[in-house]
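>>> Give me the fold of what follows.
(one chain, ligands or ions: 2)
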Amino acid sequence: MKVMFVFGTRPEAIKLAPIILEAKKHFDTIVCVSEQHKEMLYQVTNFFNIHIDYNLHIMKNSQSLFDITSNILLKIKEIYETQKPDIVIVQGDTTTAFAAALSAFYLKIKIAHIEAGLRSFDLYNPFPEEANRKFISAIATYHFAPTKIAYDNLLNEGIKKNVYLTGNSVVDALYIVLDKLKKTNITPEALMSIDFSKRIILLTSHRRESFGKPMQSIFEAIKQIALEFKDIEIVYPVHLNPNVKNLAYDVLSGFDNIKLIKPLTYPEFVYILSKSHLVITDSGGVQEEAPAFGIPVLVIRKTTERQEGIKANVAKLVGTNTQSILRATKQLIADTSTYNSMSNQVNPYGDGKTSQRIISILKESK
Ligand code: UD1
Ligand code: UDP
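Ligands and ions are numbered 1, 2, ... in the order given. The predicted structure follows:
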C-alpha cells in the first residue's frame, strides 16, 4: 500500500512525525509538504529526521487564505496523478490539510484524517480552522478521533463509518522528545537569556481571529503583569506571522522580565514548557501538552475545542479581554490554593501509542 502524507505547518509536522516514522515500517510512504510554513516547519522535520519527497513551495510573506488554498490545489494535482497514492493522510485543521484533502477528493483518492472531530461549534472561532476540519470530515474515508469528545462529535454529525478513537499523536511526539531531553539536562542555547530562578509564564499567541484589537488587548494584559510582578519572567517565542510579530515587538519590547525570542525548536519548547509555572496560550497543541506537566493553562481565546483540559480543571478559557486575562493570571500567581487546584498532572489527550494504533488500523484496511 502506498500512503502519502501532506502537511505544511509546525503543529502538523509535530503530530504527523511519529505517524510517518511508524508508517515507514509498513508502507510505501511518500512525504509532501506545502511549505505553508518554512523555518518553523523545517525545525520539526529536521529534528525528527523526516525526509521530504515533494515540496510545493507555497509560502509567501503575509499569505492570504486564497493564496494557500489555490496554490495547493494547482500544484498538488500532478503529484497525486504521478504517485497515485492509495491513501492521502492529513492532520488537523490547517488550510494545507483542507486543500490537500480536497485535491485528493477531486481525484477520488481515499483520505485519512488525523485528529478528526474537534469542534468549537463556532464557525468563526477558530477561523478558518473550525470550517476546515468540518470540510475534511465531510470527504474523509478514515476519521481518527483523539478523544471521546471528538469521537462523539463525529457520530453526532452522522459520520459513523471508519471512525476510530486513537488518542492524539502529540503525546507520542512529546514522549520522543522527553526521551531525548532525559539524556541531556543542559539548558538549550536559545534559552540562555531566561532567568530560571524566577517563576516563568510561557506565552504563545498566533490565531488569525485575534489579529488586531484582541491581540492588542492580550499583549496589554501581559505588559501589566510584567510591570506588576517583577519576580515573574514572561517568555514569549514569537510566531513568525508578521501580524503577530510586528505587534508583539511594538507592545512588549523593552521590559526586563519579558523575553521575546524566536520560535523554538520542539525540544527547546518542551524544555521551557517543563520549567514553566503557568502557560498563557491560544495554541491548540500547547493546550494538549501542558497538562502532561501539570502546568495550569489560561486559554486566550473565545472558544476552545479542547474541552478535556477545561473539564479536568487544568485549563481555563479566559478570552482576549485585558481585564479577564489579568484577573485570572493574578489569581494563579497570588493564590496558592487556586494554583494547586489547577496544577493537575493529567493526560486526557493520549497515551503515546496513537501512531501504532492508526497504522495498524490502516494496515487492516488494505
Ligand atoms: C497556520 C494555520 C493555523 C495553525 C498555525 C500554527 C491556517 C489558515 N493557519 O497559521 O491553523 O494553528 O499555522 O502555527 O492554516 N511565516 C514565516 N515563516 C514560517 C511560518 C510563517 O515567515 O515558518 C510567516 C509568513 O509571512 C506567512 C505568515 O507567517 O505568510 C502566516 O503563516 P500562515 O500559515 O498563513 O498562518 P499561521 O498564523 O502560521
Ligand atoms: N512549539 C514549538 N516551538 C515554539 C512554540 C510552539 O515547537 O516556539 C510547538 C508546541 O510544542 C506545539 C506546537 O508547536 O506542539 C503548537 O504549534 P502552534 O501553536 O503554532 O499551532 P496550533 O497547535 O495552535 O495549531
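
>>> Other residues contacting the longest helix seen in the chain?
What stands out as the longest helix in the chain, according to DSSP state H, is helix 65-83. Helix 65-83 is contacted by residues 2, 4, 6, 8, 30, 32, 34, 36, 54, 56, 58, 60, 88, 95-96, 98-100, 102-104, 106-107, 109, 128 when judged by C-beta atoms under 8 Å, 6 or more residues apart in numbering. Yep, even glycine has a C-beta here, placed from its N, CA and C like the rest.

>>> Tell me the strands beside the helix or strand that that helix is followed by, with direction?
Beyond helix 65-83 on the C-terminal side, the first helix or strand identified by DSSP states H and E is strand 87-91. Strand partners for strand 87-91, identified by DSSP bridges, are recorded as strand 2-7 (parallel), strand 110-114 (parallel).

>>> Could you report the neighbour count for the closest residue to residue 253 other than its chain neighbours?
Residue nearest to residue 253 in three dimensions, not counting chain neighbours: residue 260, with 6.6 Å by C-beta to C-beta, 6 or more residues apart in numbering. By other C-beta atoms under 10 Å, the residues close to residue 260 number 18.

>>> just checking, residue 260 touches residue 251?
No. Contact status for residue 260 versus residue 251: not in contact, 10.1 Å apart, counting by C-beta atoms under 8 Å.

>>> Now do the strands in this protein.
2-7, 28-33, 54-55, 87-91, 110-114, 142-145, 163-165, 199-204, 232-237, 258-261, 278-281, 297-299, 315-317 (DSSP state E).

>>> of all the ones you listed, which lies closest to ligand 1?
Among these, the nearest to ligand 1 by C-beta to the nearest ligand atom is strand 199-204 (9.0 Å).

>>> who does that closest one pair up with?
strand 232-237 (parallel), strand 278-281 (parallel).

>>> Make CSV from those strands and add mean neighbour count to it.
Putting the strands paired with strand 199-204 into CSV (neighbours: other C-beta atoms under 10 Å) gives the following:
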stretch, mean neighbour count
strand 232-237, 21
strand 278-281, 24
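
>>> May I see those strands organised as CSV, with mean pLDDT added?
Output for these, formatted as CSV (pLDDT from 0 to 100):
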stretch, mean pLDDT
strand 232-237, 98
strand 278-281, 98
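
>>> and those strands as a markdown table, adding distance to ligand 2?
Below are these laid out as a markdown table (distance: least, C-beta to the nearest ligand atom, whole Å):
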| stretch | distance to ligand 2 |
| --- | --- |
| strand 232-237 | 3 |
| strand 278-281 | 7 |
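
>>> tell me the mean pLDDT for stretch 77-87?
For stretch 77-87, the mean pLDDT works out to 98.

>>> before we move on, the earlier item: out of the contacts of helix 65-83, who's near ligand 1?
Filtering these for neighbours of ligand 1 using C-beta under 6 Å from any ligand atom leaves 36, 95, 128.

>>> got any ranges where the stretch 251-366 of the chain has weak pLDDT?
Scanning the stretch 251-366 of the chain for pLDDT under 70 picks out 366.

>>> one more time with 90
Filtered on pLDDT under 90, the stretch 251-366 of the chain yields the residue ranges 344-347, 365-366.

>>> Which positions in it make contact with ligand 2?
So the stretch 251-366 of the chain meets ligand 2 at 263-264, 266, 269, 283-286, 289 (C-beta under 6 Å from any ligand atom).

>>> if I pick residue 339, what's in contact with it?
296, 332-333.

>>> Check the spacing between it and residue 298 real quick.
12 Å (C-beta to C-beta, to the nearest Å).

>>> swap in residue 312?
To residue 298, residue 312 is 15 Å away according to C-beta to C-beta.

>>> of these two, who's got more company?
Each of residue 312 and residue 298 has its neighbours counted (other C-beta under 10 Å); residue 298 has more, 25 against 14.

>>> Pretty sure the more buried one sits against residue 278.
Yes. Under the criterion of C-beta under 8 Å, residue 298 makes contact with residue 278 at 7.1 Å.

>>> Residue ranges in the stretch 1-150 of the chain under the pLDDT threshold?
In the prediction, the stretch 1-150 of the chain carries no residues with pLDDT under 90.

>>> and residue 360, how many neighbours?
For residue 360, using other C-beta under 10 Å, the count is 13.

>>> State the distance from it to ligand 1.
Distance, residue 360 to ligand 1, by C-beta to the nearest ligand atom, to the nearest Å: 28 Å.

>>> sorry, back to before: make TSV out of the strands of the chain and add distance to residue 226.
As requested, those are exported to TSV (distance: least, C-beta to C-beta, whole Å):
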stretch	distance to residue 226
strand 2-7	35
strand 28-33	37
strand 54-55	40
strand 87-91	35
strand 110-114	38
strand 142-145	39
strand 163-165	42
strand 199-204	9
strand 232-237	6
strand 258-261	5
strand 278-281	12
strand 297-299	15
strand 315-317	20
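
>>> Brilliant, that's me finished.
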